[in-house]
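[1] have a look; sequence and predicted model below, questions after that.
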Amino acid sequence: MSESNGIAAEPPAPEETLKAAGEELVAAIAQRARDVVELAAAEARLAALSGLAMLVLVMVAAAALVVAWMLVIACVLYLFWRADVGWVVPGMVFALGHAGLAYYLWQTTARLSRNLTLPALRREVLHGHASTSERIDVTGLVAGRS
């Protein structure tokens, strides 16, 4: 009961309740749209950074493969030139080291290429349940946070 006039307060009209529910629904839809746009922007930035990293890694891998191949050829030619085993073993070790580096760079490039498919955004849009930690990870990575 209200103290000023002694009359019990009436419940809100159904129109007001419906209007409040509609406003809440519109606000939730707008928030969802903002979240999806923010996720799309973060993943687009991550894809761009991954693409750039992939290009750099491919160039370094190509250079490593060229050096490895040249070392292998030089070692083989040197073996034919000289029957004595001198700098051939170190040359082969360097060649194998460059081949290992090229393989590692190739694997890193392949791993980074998965970012180009925008996986979190696709899951969010298609299934509506990209995990919060995944969103935070993507956004933090793009923003430069650990």
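    Yep, it's here.

[2] phi first, then psi, for Ala13.
    Main-chain dihedrals, Ala13, degrees, to the nearest 10: phi -70, psi 150.

[3] so who does the residue most central in space within the chain touch?
    Taking C-alpha atoms, centre = their mean, the centroid of the chain lies closest to Asn115, which sits 4.0 Å from it. Asn115 makes contact with 43, 46-47, 50 under the criterion C-beta atoms under 8 Å, 6 or more residues apart in numbering. For every residue, glycine as well, the C-beta is placed using N, CA and C.

[4] by neighbours, which of those wins?
    Comparing the contacts of Asn115 by number of neighbours (other C-beta atoms under 10 Å), Glu43 comes first, having 26 neighbours.

[5] quickly find the element holding that residue.
    Per DSSP states H and E: Glu43 is located in helix 14-81.

[6] how far does that helix sit from its chain's centre?
    4 Å (C-alpha atoms, centre = their mean, to the nearest Å).

[7] that helix - contacts with which helices or strands?
    helix 88-113, helix 119-127, helix 132-143 (3 or more C-beta pairs under 8 Å, 6 or more residues apart in numbering; DSSP states H and E).

[8] with the contacts of Asn115 in mind, which one is nearest to Pro14?
    Nearest to Pro14 among those is Glu43, at 42.9 Å by C-beta to C-beta.

[9] roughly how far does the closest one sit from Ser50?
    Computed as C-beta to C-beta, to the nearest Å, the Glu43 to Ser50 distance reads 10 Å.

[10] same thing with Val67?
    26 Å.

[11] before we move on, what about Leu77?
    Leu77 sits 40 Å away from Ser50, going by C-beta to C-beta.

[12] Gly91 too?
    35 Å.

[13] rewinding a little: now do the helix holding Glu43 against helix 88-113, angle only.
    160 degrees (axes from the mean of the first three to the mean of the last three C-alpha atoms, to 10 degrees).

[14] quick check: angle from helix 14-81 to helix 119-127?
    Using the same axes, to 10 degrees: helix 14-81 against helix 119-127 is 140 degrees.
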